[in-house]
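A.B. asks: Quick one, what's the 3D model for this:
(one chain, ligands or ions: 1)
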Amino acid sequence: MLEVADISHRYGAHQALERVSLSLTKGGFHSLLGPNGAGKSTLIALITGLLRSQSGEIRVAGHSLSRQPREVRRHLGVVFQQPTLDLDLSVRQNLLYHASLHGLGRRQARERCEWELARQHLEARANDKVRQLNGGHRRRLEIARALLHEPELLILDEASVGLDTASRQALNEHVRILCRERGMTVLWTTHLLDEIAPQDPVVVLCTGRVIANSQAQALCTHTGTHTLQEAFGRLTAKPGDTVMEGRS
Ligand SMILES: Nc1ncnc2c1ncn2[C@@H]1O[C@H](COP(=O)(O)OP(=O)(O)OP(=O)(O)O)[C@@H](O)[C@H]1O
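C.D. replies: Predicted coordinates:
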């Protein structure tokens, strides 16, 4: 569903990503981990087309981002780290506006909007201004918005930041349900390792390179540790020493 092949990116003299390759299988909940400055946001900006790739190739659902950007956008939903809702528009208005940006007709937009609101249990809030929603509800609205055009790949960049523990868990579980029930492929970036299950495929970035690409559980086995926290610490302490690549 997502193929990143040999992507490198520089900011001036600074090499932010170096020959990054990864591939996400359909229907999986994939996590992207890395310490501060590892290059996660840069990679997401490249995949979502916010940054233009300088080398390598990105394909979404078989479409090349550089040659078929519209096709890629059609298959891709994104929830960015920084909320981008209009606080002074209502919940429904935010969704309808976004639907029009995706070229949905009026009727289809209304239908999709009501469907996603119901799925997120936000119907009763449809006419409220976003300003009136709490952080958890705003995140759910952003997910509803990202799903309006029925993408097959959903990217969430630190989507749980700022939420309380219960809202974080609910959000995480909700996204997992989307994978299971809709076959959606998810790329979830986080610093919070308790959001990752032992069987989840995980990509670890460090100083711009993929240093591990495996199931969370296998990272522990490989590093001889008991928790993902310990494995992550060991892998990122001396990234040059421990390169662990396999399937994600
Ligand atoms: N616009 C920019 N100009 C110059 N350097 C940048 C720019 N954006 C990011 N960088 C640098 O590129 C590297 C990767 O940054 P990036 O934000 O992608 O990392 P990250 O893994 O998302 O970090 P964090 O977890 O802190 O958000 C860092 O060293 C960062 O300082």
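
A.B. asks: correct me, but L117 touches V91?
C.D. replies: Yes. In this structure, L117 is within contact of V91 by Cβ atoms under 8 Å, at 7.1 Å. In short, each C-beta sits where N, CA and C put it, glycine included.

A.B. asks: Now list whatever residues contact both of those two.
C.D. replies: Residues within reach of L117 and of V91 at once, by Cβ atoms under 8 Å, 6 or more residues apart in numbering, are A126.

A.B. asks: if I pick T225, what's in contact with it?
C.D. replies: By Cβ under 8 Å, 6+ apart, the contact set of T225 is 219, 231, 234.

A.B. asks: Wait, a helix at the last one?
C.D. replies: Yes. Counting by DSSP: H, G, I helix; E, B strand; the rest coil, one finds R234 located in a helix.

A.B. asks: ends of stretch 215-229, how far apart?
C.D. replies: End-to-end distance for stretch 215-229, by Cα to Cα, to the nearest Å: 14 Å.

A.B. asks: Mind listing what's buried along it?
C.D. replies: Of all the residues in stretch 215-229, those buried under the rule 16 or more other Cβ atoms under 10 Å are 215-216, 218-220, 222-223, 225, 228.

A.B. asks: ok, now stretch 64-80?
C.D. replies: 65, 68, 72-80.

A.B. asks: Out of the residues you listed, which sit inside strands?
C.D. replies: Counting by DSSP state E, the part of the buried residues of stretch 64-80 found in strands is 76-79.

A.B. asks: returning to what we had before: and which of the buried residues of stretch 64-80 is nearest to the ligand?
C.D. replies: Of all the buried residues of stretch 64-80, the ligand sits closest to F80, with 11.8 Å by Cβ to the nearest ligand atom.

A.B. asks: which strand residues sit across from the residue lying closest to the closest one once chain neighbours are set aside in the sheet?
C.D. replies: Once flanking residues are discounted, F80 sits nearest to D157: 5.6 Å by Cβ to Cβ, 6 or more residues apart in numbering. Here D157 sits in beta bridges with T189, going by DSSP bridges.

A.B. asks: Enumerate every residue touching D157.
C.D. replies: Applying Cβ under 8 Å, 6+ apart to D157 gives the contacts 40-41, 44, 78-81, 189.

A.B. asks: Kindly indicate whether H9 is helix, strand or coil.
C.D. replies: Strictly by three-state DSSP, H9 counts as strand.

A.B. asks: Next, count neighbours for G37.
C.D. replies: G37 has 14 neighbours, counted by other Cβ atoms under 10 Å.

A.B. asks: L117: which element?
C.D. replies: helix 106-119 (DSSP states H and E).

A.B. asks: I'd like the C-alpha coordinates of that helix written as PDB, please.
C.D. replies: Provided in PDB are the C-alpha atoms of helix 106-119 (Å, rounded to 0.1, in the frame of the first residue of the first chain):
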ATOM      1  CA  ARG A 106     -22.800  18.100  -2.600                       C
ATOM      2  CA  ARG A 107     -24.900  15.100  -2.000                       C
ATOM      3  CA  GLN A 108     -22.100  12.700  -1.700                       C
ATOM      4  CA  ALA A 109     -20.300  15.100   0.600                       C
ATOM      5  CA  ARG A 110     -23.400  15.300   2.900                       C
ATOM      6  CA  GLU A 111     -23.700  11.500   3.000                       C
ATOM      7  CA  ARG A 112     -20.000  10.900   3.700                       C
ATOM      8  CA  CYS A 113     -20.000  13.600   6.300                       C
ATOM      9  CA  GLU A 114     -23.000  12.100   8.200                       C
ATOM     10  CA  TRP A 115     -21.500   8.600   7.900                       C
ATOM     11  CA  GLU A 116     -18.200   9.600   9.400                       C
ATOM     12  CA  LEU A 117     -19.800  11.700  12.100                       C
ATOM     13  CA  ALA A 118     -21.800   8.700  13.100                       C
ATOM     14  CA  ARG A 119     -18.800   6.500  13.100                       C
END
